[in-house]
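starting from these lines, generate the structure:
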Amino acid sequence: MFDILLALPLFQGLGHGDLTRILESTHLEFVTIEPGETICQQDATCDRLIFVIDGTLTAHTLSADRSWGVTEHLHQPTLVGLDVLYGRRRTFAFTAKALTRTKLLVVDKRTMGALFRYFEVMQINALNYLTSELARRDAPLWLPAAMTLEARIIHFCRLHLLRPAGYKRFDISQRALGEYLGEDPRYVAKALRRMEQDELLIRHRRCVEFPAFEKALNQAYNSAST
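Got it, this is the predicted structure:
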């Protein structure tokens, strides 16, 4: 149990005595869920932190007008809810479901607040985690200008992802994608076709799949640097 907690981002750096105290006096909910079960719902109030100990999640994020969305696979270790547990926005940013049999640690907001008050190292861990997430999300804004339509498509996708690697699915029409990019949908269709020929993605009706998004991202970086 100690090794499990120390592998989670907010518990790192705690001593054996601190962990013993937490386990003896704090309600930590360890649960196992089956594939397809919902972990959190987009726009529902965030009243807990969810640590993914083992397993894979699907994270589905809908646009504000619900006209398109993105689905990603997230692997452990993953922490869900820290960015919206406090502050102005206190609702989950995406819907998460179990893709595989998944083990979770769920800590309610009140308990998490008590842990933050009693253990300064957990406050520091939380700040480190949040600042790292902010830096990761801001990084795409400072990338070199995309010189090709393919690179612009990849950059658009990158801006709307939780993680820039692994499986991704964009449920968006070519027309809508063209509107976001300011391009004729016919040119968007041709660019997507070229990317499919390069085995970067798979096209479907109103849907584009990236089996390994990092492959497309690397190509976009390489084209920008040449």
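
and the residue nearest to the spatial centre of the chain, what does it touch?
Nearest to the geometric centre of the chain sits L162, at 3.0 Å (C-alpha atoms, centre = their mean). For L162, the contact set (C-beta atoms under 8 Å, 6 or more residues apart in numbering) comprises 59, 61, 72, 74, 94. Every C-beta, even on glycine, is put in place using the N, C-alpha and C of the backbone.

mind listing which of the residues you listed are in helices?
Taking DSSP state H, every one of those sits outside helices.

is it possible to get CSV of those residues that adds distance to V106, neighbour count and pLDDT?
Output for these, formatted as CSV (distance: C-beta to C-beta, whole Å; neighbours: other C-beta atoms under 10 Å; pLDDT from 0 to 100):
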residue, distance to V106, neighbour count, pLDDT
A59, 17, 24, 97
T61, 21, 18, 98
E72, 21, 23, 97
L74, 16, 20, 92
F94, 17, 21, 97
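
nearest to M195 among those?
E72 (18.4 Å; C-beta to C-beta).

the contacts of L162: which two are farthest apart?
Greatest spatial distance among the contacts of L162 (C-beta to C-beta): T61 and L74, at 11.5 Å.

okay, helices next: where are they in this structure?
2-6, 16-25, 109-118, 120-138, 149-159, 174-181, 185-197, 213-225.

and those helices as JSON lines, adding mean pLDDT?
Shown next, in JSON lines, are the helices of the chain (pLDDT from 0 to 100):
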{"stretch": "helix 2-6", "mean pLDDT": "88"}
{"stretch": "helix 16-25", "mean pLDDT": "92"}
{"stretch": "helix 109-118", "mean pLDDT": "95"}
{"stretch": "helix 120-138", "mean pLDDT": "94"}
{"stretch": "helix 149-159", "mean pLDDT": "95"}
{"stretch": "helix 174-181", "mean pLDDT": "96"}
{"stretch": "helix 185-197", "mean pLDDT": "96"}
{"stretch": "helix 213-225", "mean pLDDT": "81"}
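
now mean neighbour count and distance to D54 too, for those, in a markdown table please.
Listed next are the helices of the chain as a markdown table, based on neighbours: other C-beta atoms under 10 Å; distance: least, C-beta to C-beta, whole Å:
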| stretch | mean neighbour count | distance to D54 |
| --- | --- | --- |
| helix 2-6 | 13 | 9 |
| helix 16-25 | 12 | 19 |
| helix 109-118 | 15 | 21 |
| helix 120-138 | 13 | 19 |
| helix 149-159 | 20 | 28 |
| helix 174-181 | 17 | 36 |
| helix 185-197 | 15 | 34 |
| helix 213-225 | 16 | 23 |
